[in-house]
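Undergrad: sequence plus predicted model, see below.
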Amino acid sequence: MTSEPDERRPRLTPAIADVRRAVRASIDGLTDALVLVAVSGGADSLALAAATAFEAPRAGLRAGAVVVDHGLQDASAEVAARAADQARELGLDPVQVVRVAVDEESAAGPEAAARTARYAALAAAASDLSASAVLLAHTLDDQAETVLLGLARGSGAASLQGMAAESGIYRRPLLGIRRAVTRAFCADSRLEPWNDPQNLDPSYARVRVRERVLPVLERELGPGVSEALARTAEQLREDNDAFLQMIDETIEDIVEHVEAGIGVAVSALEANPAALRGRIVRFVAQSEFGVALERVHVQAVLRLVTDWHGQQPLDLPGFSAAREGGLLVFRASE
C-alpha cells in the first residue's frame, strides 16, 4: 500500500535545489546557534526563508526571521504582518516585526536612509536574540546592479567590489543565484510573494538600472552581462583583500602616534606603489576618524607626499592632514 504524497511539501525542482544548496554552503560552520533571515515578503527573501527553514535544522541550527517595516508605503504594517505570518508558516521561530523610522529628508537620499535604518534594526534584533548570523536575500542581479551603479558614480574599486558574501554577522547566500531562480522557487513551493511597487518606480536609480540599463546591455552585448558584473565584483574583492593584507603587514611599521594625532612616515609612503599609498590614506581615515574619503581628497593628501612644496594643512571631512618633517600627520577636526 503506497502513501499519498504530502501536498504541503513541494517536489524538489532545480530552483529549490539551487537555493537550498546555496543556503547550506552559507551556514556551513555555524554550530548550535540561531540564524535569522531578513524577510520582506518578496520572492528573494521568501525563497531564502523557505530554504533556511529546510536546511538549518539539518545543520543543527535554529532559524528565525526579522521583518523590518520601513513605514514608507500605505499598508506597510499589513505587508509586514503577512510576511511574518509566512515566515511562521514555514517553521521559522522566533519571528520579529520591527518598525523603523526613516529620515526621508536625509542628505544621502531615502534609499540610503532606509538601508541604514534597516541594518540598525537587524543588528539590534540579532543582539537581542543572540543570533550568530543574519541572512540577507541579495541575489546575483542585485550584485550586478550594485557594480553598475558604482561604475557610473566613479566610486572606485571599493564600490565595484559590490556586496560581500560574508560581512560581520551578515551572510548573503544568494549572491550566485539569479532573481528568476528565486521566483521559480516560490512558484514551485506554492509561496505567494509580495511585489513591492517601489521595485518598478523609475525615480530610483537602481530601478532604472534594472528595468532599462541592464536589458539594453544584454540586448546589445549579448547574454551574461549580469554574471560578468558579478564576477568582476568577486575579482575586485579578492584584490581588495590582498591590499588589506598588505596594509595590515606594513601599517604598524610606518605609523606612529604624535601629539593629538597620528603620523605616517612619508618615506614609507613614497616607497610604495601609488595604489597602495592611496589605500593606506583611506585606511587611516576610516579606522581613525570613521571617514570614507573620496578620490579627490585622497589625491590632495598624496600631493603632500609626491608634490611637496610647503603647502598648508588640508581641511578634510572630519580631520586635517599636514606634512610635518618626515611625517604625514592626521588630526581630528575641532
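TA: Ah, there it is.

Undergrad: roughly how far does Val281 sit from Phe243?
TA: From Val281 over to Phe243 the distance is 12 Å, taken as C-beta to C-beta, to the nearest Å. Every residue, glycine included, has its C-beta placed from N, CA and C.

Undergrad: those two: which has the busier surroundings?
TA: Relative neighbour count places Val281 above the other of Val281 and Phe243, with 24 against 19, counting by other C-beta atoms under 10 Å.

Undergrad: that one contacts Val301, correct?
TA: Yes - the criterion here is C-beta atoms under 8 Å, and Val281 meets it with Val301 at 5.1 Å.

Undergrad: can you map out the strands along this protein?
TA: For the chain, the strands defined by DSSP state E occupy 34-38, 62-69, 95-99, 131-135, 166-167, 170-171, 255-258, 261-265, 314-316, 319-324, 327-332.

Undergrad: ok, and the closest non-adjacent residue to Asp103?
TA: Nearest non-adjacent residue to Asp103, counting by C-beta to C-beta, 6 or more residues apart in numbering: Ala113, 4.7 Å away.

Undergrad: burial of that neighbour, as a residue count?
TA: By other C-beta under 10 Å, neighbour count at Ala113 equals 20.

Undergrad: before we move on, the earlier item: now do the shared contacts for Val281 and Val301.
TA: Shared contacts of Val281 and Val301 (C-beta atoms under 8 Å, 6 or more residues apart in numbering): Leu293.

Undergrad: tell me, how many neighbours does Ser127 end up with?
TA: Neighbours of Ser127 under the rule other C-beta under 10 Å: 10.

Undergrad: quick one: pLDDT of it?
TA: With respect to pLDDT, Ser127 scores 95.

Undergrad: same thing with Ala59?
TA: Turning to Ala59, the model gives it a pLDDT of 96.

Undergrad: run through the residues that contact it.
TA: Residues in contact with Ala59 (C-beta under 8 Å, 6+ apart) are Arg24, Ile27, Asp28, Leu30.

Undergrad: let's see 10 Å
TA: By C-beta atoms under 10 Å, 6 or more residues apart in numbering, the residues touching Ala59 are Val23, Arg24, Ile27, Asp28, Gly29, Leu30, Thr31, Ala33, Val35, Thr52.

Undergrad: dump those to TSV, plus distance to Thr146 and neighbour count.
TA: As requested, the contacts of Ala59 are arranged in TSV below (distance: C-beta to C-beta, whole Å; neighbours: other C-beta atoms under 10 Å):
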residue	distance to Thr146	neighbour count
Val23	21	29
Arg24	25	17
Ile27	23	24
Asp28	25	9
Gly29	26	8
Leu30	26	16
Thr31	31	9
Ala33	29	15
Val35	24	26
Thr52	23	32
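
Undergrad: that's all I had, so thanks and see you.
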